[in-house]
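J.: Need coordinates for the below:
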Amino acid sequence: MTFHYDIIVVGAGHAGCDAAAAASNLGSQTLLITMDMNKIGQMSCNPAVGGIAKGQIVREIDALGGQMGIITDQTAIQFRMLNRSKGPAMWSPRSQSDRGQFIGKWRETLDSIDNLAIWQDTVTQLLIQDNSVIGVKTALGVEFRAKAVILTVGTFLNGLLHIGKTQLSGGRISEPASFGITDQLVDLGFEAERMKTGTPVRIDGKSIDFSLTEEQKGESDFHKFSYLNFTPRPLKQLSCWTLYTNEECHAILRNGLPESPLFNGQIKSIGPRYCPSIETKIVTFANKTQHQLFLEPEGENTREYYLNGFSSSLPLHIQLEALKKIPALKNVRIYRPGYAIEYDFFSPTQLHSSLETKRIHNLFFAGQINGTTGYEEAGAQGLIAGINAHINVHGGNPFVLGRNEAYIGVLIDDLVTKGVDEPYRMFTSRAEYRILLRQDDADMRLTEKSHQLGLADNHRYQLLTEKKRSIKRIIDFTRNHSIKPESVNSILEALGTRPLRHGVKLIDLILRPQLNIEKIADFIPAFREELDKIPNRKEEIVEAAEIRIKYEGYIEREKIIAEKISRLENVKLRADIDYYSLQSLSTEAKQKLTKIKPETIAQASRIPGVSPNDINVLLVLMGR
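T.: Predicted coordinates:
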């Protein structure tokens, strides 16, 4: 047993798990401290990973050598690719997972890493010396020393649960809150605030009349998050089910608003705009007569269902009475009510882009402590914090992803540059270069970078090289293979596309919206033979090649724009600039620049309130 480590990770949620895995896989001796070793990787809210923009983040985590995508694939009970009706920049993978097996796989994964130790306890104090963190002290009175500490404390800092007038101290229901760290950090000069989130009831499936719901099956096609060449464990594929609230349900909820902590002043903190409670929905959208709900299975061997869309902090009797007005739930039994939770977070503008705090050296924040919401956003921050903590300990330049390189880059830049005034959630609309940040090519963008760090291993890098080679071979074949009208016109007409008037290259057929590579290969044997040469992950590689072909013009144009903007990322700003001494800056710019201390001209340009004229002043200052 040792009490000295390179890195300590506090909290074993989604941020903590990927932080600990990354740091230890890079070679740092790492300690993961968690309150409950049976809740490692707990899905505190819905049992699903991915979704709009979030699915892209999970694929980026995997491309960098993180674990979330692999574990999701190993525990999946349903998979869907969202937004297929839109362009590939919008395609987003989403998977339901077996909650229990998700926890088990995370525990198994972490236990298998040689450089990683786990300690069950609560951290109550950081050990600080000369503005650097040197370790932690726990509730059991144990002191652990380390060269870097990553706080991934989720909703546990001074956590307070609300179910009507009932208030319980806790980080999750039936789990204790954490005290001490917030007060210490505030004493050190950090700015702390409060946020609110919530979760719905968990329903006994035996009490649901599924004949009054609509079944939503997963996709039968083979899909997964990880770019590694493995087949996900063949769990029993389970359906989700859709149903709707109604006016009777709304009437009960509306009458109960005086008892809602959200509306009677009991809760005063910031709630999530994009995942509102059911009582918020009926107030905000008062003219709507129904709201869609989703019954999501919690696992293959349980009848527990998560009622997505019915987050609530209303008293138990009101939640039950309202649910019983929904025909499919007239005989409903629940395992536990929905509840709201308030917790402490710290404005992320107090962080560098590496997620190291500006005030305390080698102290990193990741996850909901930074004001984000969602497993995926947390996992991404944990991964980057784990990488940069390792770099701080062993030497090297900070690992920072640009906005044109990854959704993870957009996420962290938004946090450290703009801060948050509500729980932050990633959307494709937040990324100005989303054509470059597709889910199909995260490995093409990121794996080589991670391999240079030493996190993405040689096997992963070999798979990337093989994929690049296969895509190039497909594209080269389509550019060089000639098609004559007489050999394909009858088939083209049958497929609903115009016949050829003269010979063309194969790529010209792929560019037609009515056709795709697989359809064309069905009637061009030489092309099918070429595709059959792909050794691994054929569907993934064919899809990636087709996207490259069909959207080449858009992709190249966006690359040019991104390269122009990225030049400003190379213009560094000193941390000691006295912005108040620059008379030509606007007053708001002086205030914002002094508070955030941007690291580059490009980051400064993204700060709300900093105008193009202010940026020109800074460029003159830098001699540009």
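
J.: which strands and helices sit next to the host helix or strand of residue 167?
T.: Here residue 167, judged by DSSP states H and E, is contained in strand 166-169. When contacts are defined as 3 or more C-beta pairs under 8 Å, 6 or more residues apart in numbering; DSSP states H and E, strand 166-169 sits against strand 160-163. For glycine as for every other residue, the C-beta is placed from the backbone atoms N, C-alpha and C.

J.: What strands line up against the strand it packs on, and which way round?
T.: Strand 160-163 pairs in its sheet with strand 166-169 (antiparallel), strand 339-346 (antiparallel), by DSSP bridges.

J.: Kindly compare burial across these and name the winner.
T.: Compared across the strands paired with strand 160-163, strand 339-346 shows the largest average neighbour count, a mean of 24 (mean count of other C-beta atoms under 10 Å).

J.: Pick out the residue closest to the middle of this structure.
T.: residue 376 (2.3 Å; C-alpha atoms, centre = their mean).

J.: any idea how far that one lies from residue 455?
T.: As judged by C-beta to C-beta, to the nearest Å, residue 376 and residue 455 stand 18 Å apart.

J.: Name the helix or strand for the residue of the chain most remote from its centre, please.
T.: Here the chain reaches farthest from its C-alpha mean at residue 486, the gap being 50.3 Å by C-alpha atoms, centre = their mean. Element membership for residue 486, per DSSP H and E: helix 485-494.

J.: Following the chain onward from that helix, which element is next?
T.: Past helix 485-494, the next helix or strand by DSSP H and E is strand 504-505.

J.: Show residues contacting that next one.
T.: 478-483 (C-beta atoms under 8 Å, 6 or more residues apart in numbering).

J.: Cross those against strands and list the overlap.
T.: Among the contacts of strand 504-505, DSSP state E puts 482-483 in strands.

J.: which of the contacts of strand 504-505 has the most neighbours?
T.: residue 478 (23 neighbours; other C-beta atoms under 10 Å).

J.: what's near enough to touch that one?
T.: Neighbouring residues of residue 478 by C-beta under 8 Å, 6+ apart: 505-507, 510, 527, 549.

J.: does the closest residue to residue 49 other than its chain neighbours sit in a helix or strand, and which one?
T.: Sequence neighbours aside, residue 72 is the residue nearest to residue 49 in space, at 4.4 Å (criterion: C-beta to C-beta, 6 or more residues apart in numbering). Per DSSP H and E, residue 72 falls inside helix 68-74.

J.: Would you state the strands of the stretch 51-200 of the chain in chain order?
T.: Here the stretch 51-200 of the chain has its strands, by DSSP state E, counting those that start in this stretch, at 76-82, 92-97, 116-120, 123-129, 132-138, 143-151, 160-163, 166-169, 192-199.

J.: hey, which of those strands is tucked in deepest?
T.: Among those, highest average neighbours (mean count of other C-beta under 10 Å) belong to strand 92-97, with a mean of 25.

J.: which residues does the residue nearest to residue 49 contact?
T.: 49-50, 58, 95, 97, 102, 225.

J.: do residue 198 as well
T.: Applying C-beta under 8 Å, 6+ apart, the residues near residue 198 are 271, 277, 311-313, 338-341.

J.: Kindly report the same for residue 340.
T.: Contact analysis of residue 340 by C-beta under 8 Å, 6+ apart lists 161-163, 196-198, 261-262, 267, 271, 277, 311-313.

J.: what's the answer for residue 303, then?
T.: Applying C-beta under 8 Å, 6+ apart to residue 303 gives the contacts 204-206.

J.: Swap in 6 Å and give it another go.
T.: For residue 303, the contacting residues are 205-206, by C-beta atoms under 6 Å, 6 or more residues apart in numbering.

J.: Mind pulling up the pLDDT for it?
T.: pLDDT for residue 303: 96.

J.: same check, this time on residue 221
T.: Looking at residue 221, its pLDDT stands at 66.

J.: For the longest helix along the chain, could you pull out the residues that count as buried?
T.: In the chain, taking DSSP state H as the definition, the longest helix is helix 458-480. If you call a residue buried by 16 or more other C-beta atoms under 10 Å, then helix 458-480 has these buried ones: 460-461, 463-464, 466-467, 470-471, 473-475, 477-478.

J.: again with stretch 420-440
T.: The neighbour-count check on stretch 420-440 (16+ other C-beta under 10 Å) flags 420, 423-426, 428, 430-431, 433-440 as buried.

J.: thinking again about what came up before, centre of the chain versus the helix holding residue 72, how much separation?
T.: Put simply, helix 68-74 sits 13 Å off its chain's centre (C-alpha atoms, centre = their mean, to the nearest Å).

J.: how deep is the nearest residue to residue 348 once chain neighbours are set aside tucked in, by neighbour count?
T.: Excluding the flanking residues, the one nearest residue 348 by C-beta to C-beta, 6+ apart is residue 415, at 3.8 Å. Residues near residue 415, counting by other C-beta under 10 Å, number 23.

J.: Surely residue 415 and residue 347 touch.
T.: No: the criterion here is C-beta atoms under 6 Å, and residue 415 misses it with residue 347 at 9.1 Å.

J.: As a check, name the ranges of all helices in the stretch 501-624 of the chain.
T.: Secondary structure of the stretch 501-624 of the chain (DSSP state H, counting those that start in this stretch): helices located at 506-510, 517-521, 525-531, 538-550, 552-566, 587-596, 601-605, 612-621.

J.: can you tell which of those helices is closest to residue 11?
T.: helix 587-596 (26.0 Å; C-beta to C-beta).

J.: Give me the angle between the closest one and helix 612-621.
T.: Counting by axes from the mean of the first three to the mean of the last three C-alpha atoms, to 10 degrees, helix 587-596 lies at 60 degrees to helix 612-621.

J.: got the buried residues for helix 587-596?
T.: For helix 587-596, a neighbour-count test (16+ other C-beta under 10 Å) marks 589-590, 592-593, 596 as buried.

J.: Closest one to residue 406 out of the buried residues of helix 458-480, please.
T.: For those, the nearest to residue 406 is residue 464 (15.3 Å; C-beta to C-beta).

J.: what's that closest one in contact with, if anything?
T.: Residue 464 neighbours (C-beta under 6 Å, 6+ apart): 443, 447.

J.: Just give me the neighbour total for the residue nearest to residue 300 when sequence neighbours are not counted.
T.: Residue nearest to residue 300 in three dimensions, not counting chain neighbours: residue 236, with 4.6 Å by C-beta to C-beta, 6+ apart. Neighbourhood size, residue 236 [other C-beta under 10 Å]: 11.

J.: Then residue 515?
T.: 17.

J.: Looking at it now. What's its pLDDT?
T.: Reported pLDDT for residue 515: 92.

J.: Return the residues in contact with it.
T.: Contacts of residue 515 were listed using C-beta under 6 Å, 6+ apart, and they are residue 509.

J.: from now on call the first residue 54
T.: Fine by me, first position is 54 from now on; the one you just mentioned is residue 568.

J.: on that earlier part again, wait, which of the strands paired with strand 213-216 is closest to residue 609?
T.: strand 392-399 (40.3 Å).

J.: between the closest one and strand 245-252, how many degrees?
T.: Relative orientation of strand 392-399 and strand 245-252, computed by the same axes, to 10 degrees: 150 degrees.

J.: Show me what secondary structure element comes after strand 392-399.
T.: As assigned by DSSP H and E, the chain's next helix or strand after strand 392-399 is strand 416-418.

J.: Show me what secondary structure element comes after that following strand.
T.: helix 428-447.

J.: Show me what counts as buried in that following helix.
T.: Neighbour-count burial for helix 428-447, counted by 16+ other C-beta under 10 Å, picks out 428-446.

J.: Give me the residues contacting it.
T.: With C-beta under 6 Å, 6+ apart, helix 428-447 has contacts from 59-60, 67-68, 71-72, 75-76, 79, 81, 107, 110-111, 114, 119, 121, 200-201, 203, 205, 407-408, 415, 417, 419-420, 451-452, 461, 464, 479.
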